[in-house]
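**Student:** Below are the sequence and a predicted model; questions follow.
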Amino acid sequence: MKHAHSFYIDGKWVEPSVSKTLEVIDPSTEQPIGTIALGSAADAEKAVAAARRAFASFSQTSNGERIELLKRIVTILKRRNDELGDVISREMGAPLTMARADQAGIGAVHFEQAIKAIETFAFDYMQGTTRILREPVGVVAMITPWNWPINQIACKVAPALATGCTMVLKPSEIAPFNAVIFAEIMDEAGVPKGVFNLVQGDGPSVGAVLASHPDVDMVSFTGSTRAGIAVAQAAAPTVKRVHQELGGKSPNIILRSADFSAAVAAGVRRCFGNSGQTCTAPTRMLVPAERVDEASVIAEREAAALVVGPPSDPRTNLGPVASVAQFNKIQGLIERGIAEGADLVAGGPGRPSHLNAGYYVRPTVFAGVTNQMTIAREEIFGPVLSIIGYDSEEEAVAIANDTPYGLAAYIQGDPKEARALAGRLRAGTVRLNASAWDAAAPFGGYKQSGNGREYGKFGLHEFTEIKSIVGFLEE
Ligand SMILES: NC(=O)c1ccc[n+]([C@@H]2O[C@H](COP(=O)([O-])OP(=O)(O)OC[C@H]3O[C@@H](n4cnc5c(N)ncnc54)[C@H](O)[C@@H]3O)[C@@H](O)[C@H]2O)c1
């Protein structure tokens with residue numbers, strides 16, 4: 001059992017103001033693996049005050065000093081990578097090999113990108129006789145989810161440190177232990193006291209306090225659209241900057257020119273990665289109407305080939321989903337798909353028959369889905385794919401855009417056609433064919449998927465204010 005009963009505030013591990021704990025559950029066994037202390041408003045206050053005090057000096061450090069700090073963090077992140085991966089796997093259920101390579105590994109990538117970005121970022125330039133400065137935004141509150149926990153922490157902390165901000169992190173209470181290791185890494189790297197602070201806790205007790213705090217200049221939130229709206233509402237009276245990375249319901253348009261069976265198979269695997277708990281998962285597969293049956297057969301085969309099992313087993317492709325709440329929500333939506341008349345071609349309700357405990361979900365594929373069905377509209381955040389037929393490309397674009405979300409979209413087919421269609425999709429990222437992830441590409445959502453952009457130099461923009469010094473040079 002692991003116990004994390006202190007918070008990292010002002011460069012020290014300190015006792016919480018109120019003694020209240022929460023069990024952390026291993027989703028593969030449904031058993032507790034430890035406890036964390038839950039913070040209160042008083043802990044959030046202390047952390048904000050420490051960040052405010054530290055801002056005066058940290059905001060004045062040179063780019064060179066901050067680059068050196070980021071480099072030390074990269075070295076320690078890499079050294080502790082597998083330990084981070086192991087913890088993530090235990091607390092949110094990602095298969096161990098993937099948790100080490102991707103879930104944990106991505107942390108150092110964001111720090112490396114921030115180092116690269118800072119080297120060429122225009123912090124200071126002249127426009128005519130006016131000098132334009134980009135200055136750190138100030139004290140940043142960071143509220144993060146459990147699904148890619150180190151990714152979301154690193155892609156906020158790296159640009160915040162790179163630009164000279166100070167911060168308070170409130171990670172997900174469902175996957176809190178990786179954030180403890182992360183705070184230890186900040187400490188070992190020599191992040192000056194008060195610059196990075198960690199307070200554990202739930203949304204209402206700590207997240208909302210940070211979001212509404214008058215001494216917090218910006219809140220950077222990643223999570224559900226529901227909580228993102230609550231954060232923006234709490235932040236509004238203090239007119240702070242609100243950055244939101246929220247949910248998605250991403251379309252994957254398979255054009256008539258695509259290598260059909262490869263595109264369908266890859267689309268299924270991409271949708272089910274991380275047990276479907278990725279905000280950019282391509283959950284609506286749009287195929288030519290005359291090929292829906294063929295797509296169903298390929299998708300059924302792909303789903304059946306995926307191994308659902310314990311995260312520690314190297315053969316596992318899909319671990320459990322992260323929590324009982326997620327499990328119940330996904331089950332309810334699968335039932336809803338059946339009740340609304342979609343054709344169940346793979347998976348379905350209940351746990352896979354070979355597993356008798358754990359929040360395991362059967363990789364589920366529906367065909368004959370219309371874009372008005374609940375399963376095509378709501379973010380399920382589990383391994384559930386909807387196959388939707390289209391007649392013309394015009395209709396495919398209309399269906400793709402007919403969603404309140406706009407985080408990502410995917411197009412498979414002739415590169416020239418795919419490029420032409422990309423501009424018509426209302427999404428922050430459009431991925432063409434089997435393109436690899438680009439860690440420097442701006443990441444964020446249109447519509448109800450969020451506000452603002454993260455990653456690389458776009459992260460630096462996000463965490464800076466712009467100052468004009470007019471008349472800096474005489475005419
Ligand atoms: N767009 C993105 O970059 C991105 C990335 C990953 C996950 N997500 C989204 O995150 C969701 C899954 O994560 P989750 O279940 O942890 O989301 P969640 O919204 O329940 O929780 C996210 C974080 O917000 C906190 N929180 C909850 N209510 C709050 C409130 N009222 N005030 C302040 N903080 C509050 C939680 O404690 C947690 O730290 C999915 O909807 C997914 O699409 C989006």
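**Tutor:** Received, thanks.

**Student:** Give me the buried positions along stretch 360-374.
**Tutor:** By neighbour count with 16 or more other C-beta atoms under 10 Å, stretch 360-374 contains the buried residues Y360, V361, R362, P363, T364, V365, F366, A367, G368, V369, N371, M373. C-betas here are computed from N, CA, C, even on glycine.

**Student:** I'd like to know which of those is nearest to A160.
**Tutor:** V361 (34.9 Å; C-beta to C-beta).

**Student:** how far away is the closest one from I387?
**Tutor:** Taking C-beta to C-beta, to the nearest Å as the measure, V361 falls 18 Å from I387.

**Student:** Now tabulate the buried residues of stretch 360-374 in CSV and tack on distance to E302, secondary structure and pLDDT.
**Tutor:** CSV is the format used below for the buried residues of stretch 360-374 (distance: C-beta to C-beta, whole Å; DSSP: H, G, I helix; E, B strand; the rest coil; pLDDT from 0 to 100):
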residue, distance to E302, secondary structure, pLDDT
Y360, 18, coil, 98
V361, 16, coil, 98
R362, 13, coil, 98
P363, 8, coil, 98
T364, 12, strand, 98
V365, 8, strand, 98
F366, 14, strand, 98
A367, 13, strand, 98
G368, 18, coil, 96
V369, 17, coil, 98
N371, 22, coil, 98
M373, 22, coil, 98
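
**Student:** Up against the ligand, what does the stretch 301-450 of the chain have?
**Tutor:** E379, F381, L407, G445, S449, G450 (C-beta under 6 Å from any ligand atom).

**Student:** Between those, identify the one with the most neighbours.
**Tutor:** Within these, neighbour counts (other C-beta atoms under 10 Å) peak at S449, which reaches 29 neighbours.

**Student:** tell me the secondary structure for N197?
**Tutor:** strand (DSSP: H, G, I helix; E, B strand; the rest coil).

**Student:** Now do the contacts for R291.
**Tutor:** Contacts for R291 (C-beta atoms under 8 Å, 6 or more residues apart in numbering) come out as F260, G389.

**Student:** Three-state assignment for the nearest residue to I174 once chain neighbours are set aside, please.
**Tutor:** Once flanking residues are discounted, I174 sits nearest to W146: 4.2 Å by C-beta to C-beta, 6 or more residues apart in numbering. Following three-state DSSP, W146 is assigned to coil.

**Student:** do you know how far W146 is from D187?
**Tutor:** 23 Å.

**Student:** Y8 too?
**Tutor:** Counting by C-beta to C-beta - Y8 and D187 are separated by 7 Å.

**Student:** between those two, which one's more packed in?
**Tutor:** Remark: of Y8 and D187, Y8 carries more neighbours, 26 against 17, as counted by other C-beta under 10 Å.

**Student:** Double-check that that one belongs to a strand.
**Tutor:** Yes - membership of Y8 in a strand is supported by three-state DSSP.

**Student:** Identify the bridge partners of it.
**Tutor:** Legend: beta-bridge partners of Y8 under DSSP bridges are W13, L198.

**Student:** where exactly do the strands run in the stretch 201-350 of the chain?
**Tutor:** 218-222, 241-245, 251-254, 284-288, 343-346 (DSSP state E, counting those that start in this stretch).

**Student:** L77 is nearest to which of those strands?
**Tutor:** Comparing these by C-beta to C-beta, strand 218-222 comes nearest, at 19.0 Å.

**Student:** And the contacts of the closest one?
**Tutor:** Counting by C-beta under 8 Å, 6+ apart, 137-145, 152, 156, 160, 165, 210-211, 227-228, 231, 235, 240-246, 452, 462-463 sit against strand 218-222.

**Student:** phi, psi of whichever residue of the stretch 251-400 of the chain sits closest to the ligand?
**Tutor:** For the stretch 251-400 of the chain, the residue closest to the ligand is C279, as judged by C-beta to the nearest ligand atom, at 3.3 Å. Backbone dihedrals for C279, given as degrees, to the nearest 10, come out at phi -60, psi -20.

**Student:** so who does it touch?
**Tutor:** Counting by C-beta under 8 Å, 6+ apart, C279 has contacts N147, E245, L246, G247, G248, E379, L407, A408, S449.

**Student:** any chance of the residues you listed in TSV, with pLDDT too?
**Tutor:** Shown next, in TSV, are the contacts of C279 (pLDDT from 0 to 100):
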residue	pLDDT
N147	98
E245	98
L246	98
G247	96
G248	98
E379	98
L407	98
A408	98
S449	98
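
**Student:** shared neighbours of Y8 and D187, anything?
**Tutor:** Shared contacts of Y8 and D187 (C-beta under 8 Å, 6+ apart): none.

**Student:** Could you pull up the residues touching A230?
**Tutor:** So A230 contacts G203, A208, A211 (C-beta under 8 Å, 6+ apart).

**Student:** and the second one, how far is that from L169?
**Tutor:** Put plainly, it is A208. For A208 relative to L169 (C-beta to C-beta), the value is 15 Å.

**Student:** go on, V216?
**Tutor:** Distance from V216 to L169, by C-beta to C-beta: 12 Å.

**Student:** And for T280?
**Tutor:** Distance from T280 to L169, by C-beta to C-beta: 22 Å.

**Student:** Then G348?
**Tutor:** 39 Å.

**Student:** Neighbour count for those two, which is higher?
**Tutor:** The neighbour comparison of G348 against L169 (other C-beta under 10 Å) goes to L169, with 27 against 16.

**Student:** pLDDT wise, what is E68 at?
**Tutor:** You'll see E68 listed with a pLDDT of 98.

**Student:** Okay, and it sits in which element?
**Tutor:** Using DSSP states H and E, E68 sits in helix 63-79.

**Student:** list the buried ones in that helix?
**Tutor:** Quick answer for helix 63-79 (16+ other C-beta under 10 Å): R66, L69, L70, R72, I73, V74, I76, L77.

**Student:** Going by distance to the ligand, which of the residues you listed wins?
**Tutor:** For these, the nearest to the ligand is L77 (19.6 Å; C-beta to the nearest ligand atom).

**Student:** can you pull the contacts of K457?
**Tutor:** K457 neighbours (C-beta under 8 Å, 6+ apart): A117, T120, F121, A440.

**Student:** swap in I375?
**Tutor:** Counted by C-beta under 8 Å, 6+ apart, I375 has contacts L333, I334, R336, G337, E340, A342, F366, V369, V384, S386.

**Student:** repeat that with 6 Å
**Tutor:** The contact partners of I375, taken as C-beta atoms under 6 Å, 6 or more residues apart in numbering, are L333, G337, S386.

**Student:** As CSV, these with neighbour count and pLDDT would be great.
**Tutor:** Compiled in CSV, these are given as follows (neighbours: other C-beta atoms under 10 Å; pLDDT from 0 to 100):
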residue, neighbour count, pLDDT
L333, 19, 98
G337, 24, 98
S386, 26, 98
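
**Student:** Buried residues in stretch 137-146, which are they?
**Tutor:** Neighbour counts using 16+ other C-beta under 10 Å place V137, G138, V139, V140, A141, M142, I143, T144, P145, W146 of stretch 137-146 among the buried residues.

**Student:** Chain neighbours aside, what residue packs nearest to the residue of the stretch 51-200 of the chain found nearest the ligand?
**Tutor:** Nearest to the ligand, among the residues of the stretch 51-200 of the chain, is P145, at 3.2 Å (C-beta to the nearest ligand atom). Nearest non-adjacent residue to P145, counting by C-beta to C-beta, 6+ apart: G223, 4.4 Å away.
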